[in-house]
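>>> After the sequence you'll find the predicted model.
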Amino acid sequence: MNDSIKSQPVESRTVKLLREVFQSGRPLIYIRSAEEQRIAKVLREVGRTLQESAPVPVWTWSLTQGLLRDDGVAQAGTLEPREALDFIAAHTDAAIFHLKDFHEPLRESPEVRRRLRDLYESCLYQRKFVVISSPVRFVPEEIERDILYLELRPPDLIELVELLRSEAQQLSAPEVGDETLHTLARALQGVTLQEARHAIRRALAVNRSLGRESLPALLEEKRLLVNRGGVIEYFADGTNIGEVGGLDRLKQWLLERRKLFQLRESLSTDIVPKGVLIMGIPGCGKSLCVKAIASSFELPLYRIDMIEVFSGRHGQPEGAFVQACKTLEDMTPAVVWFDEIEMGITSGDPGGEQGRIFAFFLTWMQEKARGLFVAATANRIDLLPAEMIRKGRFDEVFFVDLPLVPERVDILKIHLGRREIDASKFNLERLAAFMKGWTGAEIEQAVVSALTKARLKDLEVTEQDLFQAAGEVVPLAQTMKEQINHIRGWAFERAVRASPLPTGG
């Protein structure tokens with residue numbers, strides 16, 4: 001078992017946080033979350049160790065059942081919110097009172113709000129704690145200084161490993177080692193405990209055991225869960241760095257930073273890699289590089305969809321963006337992809353929404369968790385504000401130019417090999433020379449076009465097919481010659497070339 005697993009704390013961060021809050025003497029806590037069962041479980045765990053003499057019981061209130069004791073017995077005369085608060089005030093022993101969906105009584109009744117303020121005094125230093133849980137935030141102004149508001153973060157590795165063990169035992173699955181459990185738990189980071197439970201049961205339905213063979217089912221379930229929100233997109237399938245043609249300087253840089261990133265817990269913050277900005281000509285492999293980064297770093301890849309952020313379907317864009325970034329903090333370690341960053345995160349009016357998003361992003365880049373590596377791509381690089389590309393925001397800014405002859409040969413080999421075509425049958429240097437000024441996407445399209453025409457005739461692809469398909473392509477270097485020269489001129493002194501300096505081609 002590796003050292004990181006051995007050093008894991010014995011209790012989850014949520015249990016630790018609530019224990020410290022209770023020990024500080026705060027009697028009123030408001031937790032925003034829809035995970036009622038998880039909150040109840042955490043409160044019971046905290047109650048068992050809150051005092052040495054005896055466990056602190058947890059009472060639960062809901063509008064349909066009133067107050068229930070630990071043993072499930074209902075307390076008469078506590079169905080109404082005011083009655084429940086009166087009972088808590090009169091209760092003389094240490095206890096934790098979990099009030100479910102209590103935001104509605106608070107919203108509707110000034111009397112309830114007043115009584116809750118009274119409880120602050122009557123519970124203070126009495127080992128009585130009132131915990132309100134609700135999926136919505138409603139903290140009345142009258143009590144906001146008396147109550148501690150918390151956002152329940154997604155379960156950490158401790159909770160997820162415990163859930164994996166519990167589900168495996170309930171479904172009589174074979175015992176699994178700690179290292180495998182932690183690998184599976186990392187795959188589930190960022191979802192709720194209930195969602196994780198469904199993912200585990202889906203994996204167990206495929207294989208009656210939990211192991212590395214369960215990862216595909218877990219990752220597919222997670223992809224569905226994460227992507228349903230629209231703002232964050234999870235990519236379950238990575239790209240091997242060997243599938244990226246050329247860009248040797250960028251590849252070498254990534255391999256060096258991978259070593260540092262894997263040692264991040266033992267390094268000072270300023271040494272841990274923060275991210276990379278890859279700018280350049282469309283179709284030259286920027287997006288492919290980002291996927292290769294995630295695969296090389298052995299990390300999950302998440303993309304923030306700025307079109308969805310600004311769509312209005314998720315509330316105010318500023319709030320949606322901030323929430324997405326905070327959600328990603330709970331999915332560490334991970335690679336975060338901002339695609340065409342210049343179209344969504346620009347300085348704009350400092351007082352406007354885009355300006356506020358930009359200001360938040362710059363701060364977040366400096367303060368984010370060290371387990372997040374940001375990979376941003378840009379086409380319209382002249383739109384990028386100077387504050388974004390200055391040293392310190394990203395570890396490096398790379399410029400991806402049109403591929404050179406040796407890189408075009410590599411790209412041809414990759415796309416032919418991906419389609420099970422023997423590249424040794426072709427004069428790739430001659431083809432690459434013919435494709436001068438082509439992007440990687442254009443080279444791929446020529447291969448696909450030649451293959452399609454050959455298969456329609458039920459024949460194997462020939463070199464003549466490739467040349468014929470290439471002759472029908474009008475490359476971007478011709479149709480956008482002025483824009484490409486502009487991009488090159490802009491990036492000359494502002495970025496590092498992702499490829500070696502050209503010697504021809």
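Cool, got the structure.
>>> hey, let's count contacts and neighbours off CA atoms from now on
Will do.
>>> quick one: contacts for the spatially most central residue of the chain?
Here the mean C-alpha position of the chain is nearest to the C-alpha of Leu328 (C-alpha atoms, centre = their mean), at a distance of 3.5 Å. Contact partners of Leu328, counting by C-alpha atoms under 8 Å, 6 or more residues apart in numbering, are Gly190, Val336.
>>> Would you mind splitting the chain into its domains for me?
3-151, 157-228, 241-400, 405-473 (automatic domain parsing).
>>> Just put these in JSON lines and tack on mean pLDDT and distance to Gln483.
Output for these, formatted as JSON lines (pLDDT from 0 to 100; distance: least, C-alpha to C-alpha, whole Å):
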{"stretch": "domain 3-151", "mean pLDDT": "91", "distance to Gln483": "47"}
{"stretch": "domain 157-228", "mean pLDDT": "86", "distance to Gln483": "35"}
{"stretch": "domain 241-400", "mean pLDDT": "85", "distance to Gln483": "9"}
{"stretch": "domain 405-473", "mean pLDDT": "91", "distance to Gln483": "14"}
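>>> which residues are contacting stretch 288-305?
Everything outside stretch 288-305 that qualifies as a contact, by C-alpha under 8 Å, 6+ apart, is 230-236, 238-241, 244, 254-255, 258, 261-262, 324, 333-339, 375-376.
>>> Quick check: Gln468 vs Leu431, distance?
11 Å (C-alpha to C-alpha, to the nearest Å).
>>> gap between the longest helix seen in the chain and the chain center?
The longest helix of the chain (DSSP state H) is helix 440-456. Between the centre of helix 440-456 and the centre of its chain there are 35 Å (C-alpha atoms, centre = their mean, to the nearest Å).
>>> about what we covered before: ok, which of the domains of the chain comes nearest Val496?
Val496 lies closest, by C-alpha to C-alpha, to one member of those: domain 241-400, at 4.7 Å.
>>> can you tell me the distance between the two ends of that closest one?
End-to-end for domain 241-400, by C-alpha to C-alpha: 16 Å.
>>> and the longest helix of the chain, what other elements does it pack with?
Here helix 440-456 touches helix 405-418, helix 463-471, going by 3 or more C-alpha pairs under 8 Å, 6 or more residues apart in numbering; DSSP states H and E.
>>> among these, which is the most enclosed?
helix 405-418 (a mean of 20; mean count of other C-alpha atoms under 10 Å).
>>> which of the contacts of stretch 288-305 count as buried?
In the contacts of stretch 288-305, burial by neighbour count holds for 231-235, 238-239, 241, 244, 254, 258, 261-262, 324, 333-339, 375-376, counting by 16 or more other C-alpha atoms under 10 Å.
>>> which residues are contacting stretch 26-39?
100, 120, 123-124, 127-137, 139, 146-152, 192-194.
>>> got the buried residues for it?
Buried residues in stretch 26-39 (16+ other C-alpha under 10 Å): 26-36, 38-39.
>>> Would you mind writing the CA trace of that stretch as PDB?
C-alpha atoms of stretch 26-39 as PDB (Å, rounded to 0.1, in the frame of the first residue of the first chain):
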ATOM      1  CA  ARG A  26     -22.000  27.000  18.400                       C
ATOM      2  CA  PRO A  27     -25.600  25.900  19.000                       C
ATOM      3  CA  LEU A  28     -27.200  26.700  15.600                       C
ATOM      4  CA  ILE A  29     -25.900  25.400  12.300                       C
ATOM      5  CA  TYR A  30     -27.600  25.500   8.800                       C
ATOM      6  CA  ILE A  31     -26.300  23.000   6.300                       C
ATOM      7  CA  ARG A  32     -27.400  23.400   2.600                       C
ATOM      8  CA  SER A  33     -27.600  20.000   1.000                       C
ATOM      9  CA  ALA A  34     -30.200  17.600  -0.300                       C
ATOM     10  CA  GLU A  35     -28.300  14.700   1.200                       C
ATOM     11  CA  GLU A  36     -30.400  14.200   4.300                       C
ATOM     12  CA  GLN A  37     -29.400  10.600   4.900                       C
ATOM     13  CA  ARG A  38     -25.700  11.500   4.700                       C
ATOM     14  CA  ILE A  39     -26.100  14.400   7.200                       C
END
